[in-house]
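J.: no sequence on this one, just coordinates:
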């Protein structure tokens, strides 16, 4: 009996039973909040922030309130973290968000991410079965490529193999939705079946509208709130295991 979620087990079985030379399966994974839980990244950044001399001098009250900060898995950004800690100073929020964003979208802190349960084994099993693996992420090449590669290697995700690929945005200002949908359009004609794993509903809506033949698996973890998920979407919830 498979250790994976029933939906994922069916994907494993389908690829295992139908994979043969000339038949191409492609499994495309988002990274942040799909393969990786980024809670620890945000937590470490904020912990480093309140140790900064500049913050201690300018915002001693706010820094004190964050002594025992806790980042929840469903926090998007840092606003909810600060509010739970009783911090409601707009000037502090502006400076804190700048500090956080500069580091969150960088190579330095990616090592603090943690894969969701079962993610590493699941992706490796797909790769071993011959599926093409692509990590399709809104991270950008300039600020985050080195750290992304190191993180994937650190956790032993398949990478640097002939059937794996890493796709990051060329420029950080590129829009995630357009980047991912355009990428999937480009590879769609070269593969018989594509599975796309993603946590952001606004991206899923566009992909389903433009490429209905792609099978999308919604990772029900956390998202921006720019669009709502639909109840009938195939989904898993923060774990690849049963």
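T.: That came in fine, so what should we check first? Here the structure is a predicted model, which is why all the values come from computation and not from measurement.
J.: Distance of the most centrally placed residue in the chain relative to residue 67?
T.: Centroid check for the chain by CA atoms, centre = their mean gives residue 32 as the closest residue, at 1.7 Å. Computed as CB to CB, to the nearest Å, the residue 32 to residue 67 distance reads 27 Å. C-beta: built from backbone N, CA, C; applies to glycine.
J.: Which helix or which strand is home to the residue with the largest distance to the centre of the chain?
T.: Distance from the C-alpha centroid of the chain peaks at residue 57, with 34.9 Å (CA atoms, centre = their mean). Using DSSP states H and E, residue 57 sits within helix 53-58.
J.: Please name the residues that touch the closest residue to residue 131 other than its chain neighbours.
T.: Leaving out its chain neighbours, the residue that sits closest to residue 131 by CB to CB, 6 or more residues apart in numbering is residue 25, at 4.4 Å. When contacts are counted by CB atoms under 8 Å, 6 or more residues apart in numbering, residue 25 touches 15, 18, 19, 129, 130, 131, 132, 191, 192, 193, 194, 195.
J.: Do you have the helices of this structure handy? List them.
T.: In the chain, helices defined by DSSP state H lie at 6-18, 39-49, 53-58, 60-65, 79-84, 90-104, 119-128, 141-154, 176-188, 201-210, listed in chain order.
J.: which residues sit against the lengthiest strand in the chain?
T.: As assigned by DSSP state E, the longest strand anywhere in the chain is strand 132-140. Defining contact as CB under 8 Å, 6+ apart, one finds that strand 132-140 is touched by 24-32, 35, 105, 123, 126-127, 145, 148, 152, 157-159, 163-172, 174, 176, 179-180, 183-184, 187, 191, 196.
J.: cool, and stretch 110-123?
T.: 3-5, 8, 12, 27, 29, 32, 35-41, 43-44, 133, 144, 147-148, 150-151, 154-158, 219, 221, 238-241.
J.: List only those of those flagged as buried.
T.: 4-5, 8, 12, 27, 29, 32, 35-39, 41, 43-44, 133, 144, 147-148, 151, 155, 157-158, 219, 221, 238-240 (16 or more other CB atoms under 10 Å).
J.: of the contacts of strand 132-140, buried ones?
T.: Buried among the contacts of strand 132-140 (16+ other CB under 10 Å): 24-32, 35, 123, 126-127, 148, 152, 157-159, 164, 166-169, 176, 179-180, 184, 187, 191, 196.
J.: Check whether residue 72 really touches residue 39, as I assumed.
T.: Yes. Using CB atoms under 8 Å, residue 72 is in contact with residue 39, at 7.2 Å.
J.: on that earlier part again, can you pull up the bridge partners for the residue nearest to the centre of the chain?
T.: residue 36 (DSSP bridges).
J.: Domain-wise, how is the chain divided?
T.: Taking automatic domain parsing as the reference, the chain has its domains at 6-37+115-236, 39-110.
J.: now these in a markdown table, with mean pLDDT?
T.: Shown next, in a markdown table, are the domains of the chain (pLDDT from 0 to 100):
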| stretch | mean pLDDT |
| --- | --- |
| domain 6-37+115-236 | 94 |
| domain 39-110 | 96 |
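J.: re the thing from before, do you know how far the residue nearest to the centre of the chain is from residue 197?
T.: 12 Å.
J.: again, but for residue 57
T.: Relative to residue 197, and taking CB to CB, residue 57 is found at 44 Å.
J.: One more: residue 97?
T.: For residue 97, the distance to residue 197 - CB to CB - is 28 Å.
J.: between those two, who's got more neighbours?
T.: residue 197 (24 against 15; other CB atoms under 10 Å).
J.: With that, I have no additional questions.
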